[in-house]
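A.B. asks: Any chance you could fold what I've pasted below:
(one chain, ligands or ions: 1)
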Amino acid sequence: MWDVLWRRSRPSPATGENRRALHTVRSQGCLSSRPVILKALFGLALLVLFPFPLARAESTWPMQPGIFNSSEKPYRLSREKLTRLSASLERVTGWRGIHFEHDAWLCLKEARLTTTGSPTARAIILKALQETILILEDHSRSLDVAFAAIRREATLQMASGAYLPVFSLRVDFEDFRHLRGHSEALAAFDLGLVLLHELVHAAFDRRDPPGPRGTSDPGECEALVNEVRMELDLPLRTHYHSEHVIPSLLSDLSFGRLRFERVTWREGKPRRAIYFVQWPKPFVSH
Ligand SMILES: [Zn+2]
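C.D. replies: You can find the predicted model right below:
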């Protein structure tokens, strides 16, 4: 049984130390008595099958699928931020009663469906809840995270023998305070929709468009999030990379900008409506 406030003894996920620690768990758990050559061959096979650190049940990650609050104090989301997140997910899914049980894990036990919300958003969240172990981390005022980012940390073997991927989902809540723009674009770039983008990475293994393609292509993740926007009657994101805007030659401040569009009808004729959301670049790093 997994403890509510499980202790994760790993160091920072970005360090090689973490990877070594997980490899140690692996070798202590199942390989220590094997001959060296067999260990090497087995290790190679694991690397091919699972290009991320593979940990067994002895590790300190939660040993069940779900969306969890970080147990590490510097990254743990406050109750206020968990409430913001739940409220935003309620808006996009149409489920009322989404909450974080004991401020620790996302719980749908009391969720009830209303007449609003997006079926696609509900499907994304259910898949992430059932097929991944996702750790939410608060990276507000981070220089490395613009709005939100996800990183695959490990692959865990469950008691059943099944393997589940572990992700850290880092959210910079402060970045959202700097957003300005049309109300339609602000609604289309809401916290919950940004979170869904990251969940699509984890649950559907989709990627963002590489290089310059992202200036005109929203990418595989946003294609699915755009379906959510369509179901919510919101404008659709037209590109992945933000545009770089300098208001005037004399301006010291530059802005990142995203464009959203939808077709509206006026006097029987289609019209493309364009909406922008933007933020001052120095305040939203990346
Ligand atoms: Zn992405």
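A.B. asks: Go ahead and confirm residue 217 touches residue 208.
C.D. replies: No: using C-beta atoms under 8 Å, residue 217 is not in contact with residue 208; the gap is 9.3 Å. The way it works is simple: take the backbone N, C-alpha and C, and place the C-beta from them, glycine included.
A.B. asks: For residue 255, give me its contacts.
C.D. replies: 244-247, 278-281 (C-beta atoms under 8 Å, 6 or more residues apart in numbering).
A.B. asks: I'd like these as TSV, with distance to residue 168 appended.
C.D. replies: Formatted as TSV, the contacts of residue 255 follow (distance: C-beta to C-beta, whole Å):
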residue	distance to residue 168
244	28
245	31
246	34
247	36
278	28
279	23
280	27
281	25
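A.B. asks: Pick out whichever of the residues you listed sits closest to residue 64.
C.D. replies: Checking the contacts of residue 255 against residue 64 with C-beta to C-beta, the nearest one is residue 279 at 36.6 Å.
A.B. asks: That closest one and residue 170, how far apart?
C.D. replies: Separation of residue 279 from residue 170 (C-beta to C-beta, to the nearest Å): 17 Å.
A.B. asks: the strands in the stretch 101-250 of the chain, which residues?
C.D. replies: For the stretch 101-250 of the chain, applying DSSP state E, counting those that start in this stretch gives strands covering 105-107, 112-113, 133-138, 148-157, 163-171, 180-181, 236-237, 243-245.
A.B. asks: what's the first one packed up against?
C.D. replies: Right, strand 105-107. With contacts taken as 3 or more C-beta pairs under 8 Å, 6 or more residues apart in numbering; DSSP states H and E, strand 105-107 sits against strand 66-69, strand 99-101.
A.B. asks: Just name the most buried of those.
C.D. replies: Across the helices and strands packed on strand 105-107, averaging neighbours per residue (mean count of other C-beta atoms under 10 Å) puts strand 66-69 on top, at a mean of 22.
A.B. asks: helices or strands next to that strand in the packing?
C.D. replies: strand 105-107, helix 119-131, strand 133-138.
A.B. asks: and among those, the most buried is which?
C.D. replies: Using mean count of other C-beta under 10 Å, strand 133-138 ranks as the most buried of these, with a mean of 23.
A.B. asks: which of the contacts of residue 255 lies closest to residue 90?
C.D. replies: Nearest to residue 90 among the contacts of residue 255 is residue 279, at 24.6 Å by C-beta to C-beta.
A.B. asks: check contacts around that closest one.
C.D. replies: With C-beta under 8 Å, 6+ apart, residue 279 has these contacts: 175, 178-180, 255-256.
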